[in-house]
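> test case, fold it:
(one chain, ligands or ions: 4)
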Amino acid sequence: MEYNNEYNLDLYPKKLHWKEGDLTATRTTMWSGPGCHEGCQVIFYTDEDGKLVKVEGDPNSPFNQGRLCMRCLELPELVNHESRLKYPLKRVGERGEDKWERISWDEAYDIICENVRKFQETDGPESIISMIGTGRNVSQVIAHNQYANFGGPDLTLCFLSGDSCMLPRTALCYVVMGNQWVADMSQFRETRYEDDPEWVVPECIVLWGTNPVVCNSDAFLGHWIVECMKRGSELLSIDPQLTWIGSKAKYWLRLRPGTDAALALGMLNVIINEDLYDHEFVEKWCFGFEDLRERVQEYPPEKVAEICWIDKDLLVEASRWYAQAKPSTIQWGLAVDMSKIGTQTALGIACLAGITGNIDNPGGNILIDQAGGLEFGYNSGIEYLKEGMVQKRLGNSKYNLKKYGFTASSQSDCILEACETGKDENGNPRPVNMLWIQSSNPITNMGQDAPRIYRAMRNVPFICVIDMFKTPFAVACADLVLPCAMSNERDCVRVWFDPIRSLTKCGQYYEAKEDEQIMIDLGHRLNPDAWPEWVQTPRDYMNWRMQTAPDCRYDSMEELEEAGGWHYHDFRYYKHEKGLLRSDGQPGFNTVTGLYELSVTLFDAWGDDPLPFYEEPPTSPYRTPELCEEYPLVLTTGKRSFEFFHSEWRQADTTSRELHPVPYFDIHPDTAAKYGVAEGQWTWIENQMGKCRQVARFDSTLDPRVISTEHGWWFPEQEAAEPSLFGVFNCNPNNLIPQCENGESGYGAPIKCSIAKVYPCTPENSAPEDQPSFQVTRGSGYSHGESHATDTPSFYDMRK
Ligand SMILES: Nc1nc2c(c(=O)[nH]1)N[C@H]1C(S)=C(S)[C@@H](COP(=O)(O)OP(=O)(O)OC[C@H]3O[C@@H](n4cnc5c(=O)[nH]c(N)nc54)[C@H](O)[C@@H]3O)O[C@H]1N2
Ligand SMILES: Nc1nc2c(c(=O)[nH]1)N[C@H]1C(S)=C(S)[C@@H](COP(=O)(O)OP(=O)(O)OC[C@H]3O[C@@H](n4cnc5c(=O)[nH]c(N)nc54)[C@H](O)[C@@H]3O)O[C@H]1N2
Ligand code: SF4
Ligand SMILES: [Mo]
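Numbers count the residues shown, from 1 in each chain. Ligands and ions are numbered 1, 2, ... in the order given. Model prediction:
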């Protein structure tokens, strides 16, 4: 295959290893740690001591075609960072005192096994819970370890309220189409773009609440959009802020944060009432169109424009263009999940793609093939759970999407409540004795209402953290901290969407172990029946799983590495027409009706609204006008930057911190002037929940009523022990966001749509005792009860 790029491909042989001078080159995949959703193909250069000295993108790779972001280019800085965890640590002082003793791995395993056996005996394996961060290559490990080794059913995203990352969208997709979708950038075939005989350049690409070039989220490389634009695609950006890629868009709808569902309904209204929908697809393949037609009458463009703070004519024009462009595709992002109505927002957007027939078609929204049927996700090892265990998952009895298995995880807010009260969602006893936190830093980043989580941890007798660094959470809450390997130090197979990719180990850092190794070692100790004797290393584990997977083309990592390190399965379009989606082999979608469900049969059966609807965020200028007199600005949080992946890369002497030394929040200059805030000034951001501080950065493209903060900040250069805790609460927007305020599906939480006021930090209001880290750890600061969610009907609640 030939790629039309400037690299000299001879320099990059399609071999696993070669020598360049004194350096050994290894051709492999970058995944985690440190984190990223992608698995770009890279060349790691190591010196004779096995130290990583240089990283390059692999120009032979059809996935990233040689491209790399800054975090991969600067990877040696983190891999070789002095502050990395080198040995297992056992707490010797009080939690928060930062007093540790170095112990051996055997001692660490003994402590874990002793606790696990004790808790299994006293309160059952269900008193042991595993919690994970975002998609890294820990997913299969943590699941397999939790189910096979600990025996408890509970696993989920670590206190991420409403499991509000991808899962709301994914669960919704499964009820609507029995599959998941992604925008088609010809990514599922090795021959890409014009080399693919079937692929069509999307005429319209909608970027809905995603900033793909910065984030590369959900296994989707942002640069593919640029490739499509070179081939003629144009963009519709739906975002409160003008992003770099959004600045190249044909249309930009600058909506008020948290109003995406209203916008989707308004677009549906235009497309249906102007008869711009795809009659053939709707008639042949969709269910519930007439009900949808009726529902969208409640959302005329005038009203929607008013709700969303956008121009009505722009809304109408953009809707017409999306419907008439052939094909159109939607790439959606996190903002879809991060409101209380995340599921309904996703439903509205799924209806748009459905009624315009942009499903399963070249250049539209394609249905995802998992890499060759390899199950390396949250279900790994589930077969080892004792009968009746899965049903005990926290949140299962409350939320139908959980109960009926539309995502294989527990509900994170229910886990927090169990930590606090020792009870499950029905008020039955459910002590939480042990938390296994692998790849998450929840008081810094993943959890909402960080002070509340910090306090809830006091009730949990044993907390074990597996990480690359000593995080604020580890210092504040852990009893045992285990050092994990980084991407270049692990043998692994990546299966988050096609292609399947191999990671080849080419380094070792002190005593850090792969997450897989920790699981295997614990397995042989805790439940030897579940572990074949020959499975001793991560490579053995991968080979074992490959051999037992039904459709995996390779039986071992070695075969995959020899074949070039990646493999694409046979991707097909129009699977619904070919009978490739349903277990009975019939044409159609794998849903209750066999059709693409614009009105969701299951929601209806469960007594929930089957159609998309809009509801005001729990706090907003229209829902809580009195509160907004005090907190007049709409607050969205968690804007990503190139330099960081969540709380990672904050180490002081990295290129990341050099380029991005402090947390920034974006504010319109007029708004800043109104509240006396200067550009570059440290500023308090506060609401009825709590406060944090960040540095003002002016952005005149924002609506003056909206501000946008960063997330994930801690300061590894600051004091570790309390009250400082690396300054973790000081700049944390998660002092301002509630936990346990989810929509009726259990998914979604108001993380990108709350309210705030801003005022400058001054010597008078910024004494050491005014600092959030001090107020939370030394006082009882923040978590002021409810987020003020009320049942007050809002002016804009148009729900029946
Ligand atoms: N560099 C970097 N990359 C990352 C991450 C990281 O921390 N750093 N995190 C990873 C993770 S776990 C995730 S989930 C993804 C997230 O990545 P994306 O899915 O791309 O989402 P975000 O970056 O959170 O937000 C994208 C856009 O949403 C806009 N936005 C804010 N509020 C709203 C709203 O209410 N509605 C709409 N329509 N837009 C809104 C923001 O202005 C922003 O431009 O990124 C992943 N990739
Ligand atoms: N306010 C606000 N908060 C947010 C968001 C937002 O938009 N706004 N975004 C949310 C979203 S979408 C998500 S997904 C979460 C993400 O949250 P997480 O993915 O939990 O990210 P972190 O909290 O930074 O914790 C990750 C930890 O894992 C460690 N780590 C990295 N790789 C590995 C590995 O391979 N193995 C192990 N054992 N450890 C590893 C890192 O060192 C780090 O300490 O944050 C959420 N928090
Ligand atoms: S998307 Fe960027 S940071 Fe992530 S693996 Fe690829 S190059 Fe590295
Ligand atoms: Mo995420």
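> please list the residues of the stretch 201-350 of the chain that sit near ligand 2.
Residues of the stretch 201-350 of the chain found near ligand 2 (Cβ under 6 Å from any ligand atom) are residue 334. (C-beta placed from N, C-alpha, C; glycine too.)
> which ones are touching the closest residue to ligand 4 within the chain?
Relative to ligand 4, the nearest point of the chain is residue 165 (3.3 Å; Cβ to the ion). Neighbouring residues of residue 165 by Cβ atoms under 8 Å, 6 or more residues apart in numbering: 134, 157, 334, 337.
> repeat that with 10 Å
Counting by Cβ atoms under 10 Å, 6 or more residues apart in numbering, residue 165 makes contact with 133-135, 157, 217-218, 333-334, 337-338, 342, 446, 638, 751.
> residue 181 too?
169-170, 173, 329-332, 349-350, 353, 358-360, 364-368.
> just grab the bridge partners of residue 286 for me.
As for beta bridges, residue 286 partners with residue 596 under DSSP bridges.
> show me which residues of this structure sit near ligand 2.
For the chain, the residues in contact with ligand 2 (Cβ under 6 Å from any ligand atom) are 32-35, 133-134, 136, 138, 158, 160, 165, 334, 438-441, 444-446, 466-469, 471, 484, 515, 637-638, 646-648, 711-712, 733-734, 737, 751.
> list the ones among these that fall in helices.
Using DSSP state H, the members of the residues of the chain next to ligand 2 that fall in helices are residue 515.
> go ahead and build a PyMOL selection from the buried members of the residues of the chain next to ligand 2.
Applying 16 or more other Cβ atoms under 10 Å to these, the buried members can be selected in PyMOL as follows:
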select buried, resi 32+33+34+35+133+134+136+138+158+160+165+334+438+439+440+441+444+445+446+466+467+468+469+471+484+515+637+638+646+647+648+711+712+733+734+737+751
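> near ligand 3, from the residues of the chain next to ligand 2?
Of the residues in these, proximity to ligand 3 by Cβ under 6 Å from any ligand atom holds for none.
> quick one: which of the residues of the chain next to ligand 2 sit in strands?
438, 466-467, 637 (DSSP state E).
> farthest-apart pair in the residues you listed, please.
466 and 637 (26.7 Å; Cβ to Cβ).
> per-residue pLDDT, the residue in the stretch 501-650 of the chain positioned nearest to ligand 2?
The minimum distance from the stretch 501-650 of the chain to ligand 2, using Cβ to the nearest ligand atom, falls at residue 638 (2.0 Å). We note a pLDDT of 98 for residue 638 in this prediction.
> which residues sit in contact with it?
Each residue near residue 638 by Cβ under 10 Å, 6+ apart is listed here: 165, 334-335, 338, 445, 646, 708-712, 733-734, 737, 751-752.
> which of these sits closest to residue 767?
The closest of those to residue 767 turns out to be residue 733 (Cβ to Cβ; 21.7 Å).
> the residue in the stretch 101-250 of the chain that ligand 3 sits nearest to and residue 751, how far apart?
Residue nearest to ligand 3 within the stretch 101-250 of the chain (Cβ to the nearest ligand atom): residue 216, separated by 3.9 Å. Distance, residue 216 to residue 751, by Cβ to Cβ, to the nearest Å: 20 Å.
> show me the domain layout of this protein.
Using automatic domain parsing, the domain parsing of the chain gives 6-79, 89-159+382-494+509-567, 167-370, 625-777.
> nearest to residue 573, out of those?
domain 167-370 (5.4 Å).
> does ligand 1 have contacts with the closest one?
Yes. Legend: contact between domain 167-370 and ligand 1 by Cβ under 6 Å from any ligand atom is shown at 208-212, 214-217, 238-241, 243, 255, 257-258, 260, 333-335.
> same question for stretch 25-39.
Yes. Applying Cβ under 6 Å from any ligand atom, one finds stretch 25-39 in contact with ligand 1 at residue 37.
> just the residues contacting the helix or strand bottoming out on mean pLDDT in the chain, thanks.
Least confident element among the helices and strands of the chain, by mean pLDDT, DSSP states H and E: helix 400-403 (a mean of 90). Residues outside helix 400-403 that contact it (Cβ under 10 Å, 6+ apart): 156, 163, 167-168, 171-172, 174-175, 343, 390-391, 393-397, 406-411, 414, 602-603, 605-608, 744-747.
> phi, psi for residue 251 please.
phi -130, psi 140 (degrees, to the nearest 10).
> which residues touch it?
By Cβ under 10 Å, 6+ apart, the residues touching residue 251 are 204, 206, 234-238, 314-315, 317-319, 321-322.
> just the buried members of those residues?
204, 206, 234-238, 315, 318-319, 321-322.
> just the ones of these in helices?
Mapping the buried ones among the contacts of residue 251 onto helices (DSSP H) picks out 315, 318-319, 321-322.
> my read: residue 392 touches residue 124, true?
Yes. The criterion here is Cβ atoms under 10 Å, and residue 392 meets it with residue 124 at 8.6 Å.
> more neighbours: those two, which one.
Counted by other Cβ atoms under 10 Å, residue 392 and residue 124 do not tie: residue 392 has more neighbours, with 20 against 17.
> residues in contact with that one?
Taking Cβ under 10 Å, 6+ apart, one finds 124-126, 152-154, 385-386, 410, 424, 428, 430 in contact with residue 392.
> same list (those residues) but as a markdown table, adding distance to ligand 1, secondary structure and pLDDT.
Conversion of those to a markdown table gives the following (distance: Cβ to the nearest ligand atom, whole Å; DSSP: H, G, I helix; E, B strand; the rest coil; pLDDT from 0 to 100):
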| residue | distance to ligand 1 | secondary structure | pLDDT |
| --- | --- | --- | --- |
| 124 | 32 | coil | 98 |
| 125 | 29 | helix | 98 |
| 126 | 28 | helix | 98 |
| 152 | 25 | coil | 98 |
| 153 | 24 | coil | 97 |
| 154 | 21 | coil | 97 |
| 385 | 27 | coil | 96 |
| 386 | 32 | coil | 96 |
| 410 | 19 | coil | 94 |
| 424 | 28 | coil | 97 |
| 428 | 33 | coil | 97 |
| 430 | 28 | coil | 97 |
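> for the residues you listed, which two are the farthest from each other?
385 and 428 (19.3 Å).
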